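Asker: Here you go, sequence then predicted model.
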Amino acid sequence: MKCPACENNLTEIQVGSLKVDVCQRGCGGIWFDAFELQQVDQQEETAGEALLQIERDESLVVDASRKRACPRCPEVKLYRHWFSSKIRVQVDECPNCGGYWLDAGELAQIRSGQGGPSEGMKGSGSALSGDVIRYLYRMQSKR
């Protein structure tokens, strides 16, 4: 399989009872098939510790704004969204097979529960202030 971020070949590694595909000595990203990410997304899940140490090429620059193809379903583009409403880490998910692509460092942010805006979302204005929400509510109420 090809890495959706840098096009290197992904390497399958065994982590506990889980097999995941990683971009070793490339961008350091990780591919999780459907339902695999849920097995390592919490700090107390020890299998996830090994995935925090993926060897990567620090000189490699990845374009975070580029649409990425699913490594399992190459004809399908990954859908980028927040991991959860509480953990603001941007992840890529395949709408076809349900797999997840995490860029280097995103798993650590998810496991710590402290994800902030990722590079592609900084300054995007995705958060609405209370004043804007109140204004929109008043406009809707006047209809």
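Answerer: Everything's here; your move.

Asker: okay, CA-based contacts and neighbour counts for the rest of this
Answerer: Fine.

Asker: hey, what's Glu93 bridged with?
Answerer: On DSSP bridges, the residues paired with Glu93 through beta bridges are Tyr79, Tyr100.

Asker: How many neighbouring residues does it have?
Answerer: Burial of Glu93 is recorded as 24 neighbouring residues (other C-alpha atoms under 10 Å).

Asker: likewise Val40?
Answerer: Every residue meeting other C-alpha under 10 Å relative to Val40 is counted, giving 20.

Asker: Touching, it and Phe32? I think so.
Answerer: No: in this structure Val40 lies outside contact range of Phe32 using C-alpha atoms under 8 Å: 10.0 Å.

Asker: And the residue nearest the centre of this structure?
Answerer: The centroid of the chain falls nearest to Val91 when counting by C-alpha atoms, centre = their mean (2.3 Å).

Asker: so how far is Gly29 from that residue?
Answerer: With distances taken as C-alpha to C-alpha, to the nearest Å, Val91 is found 11 Å from Gly29.
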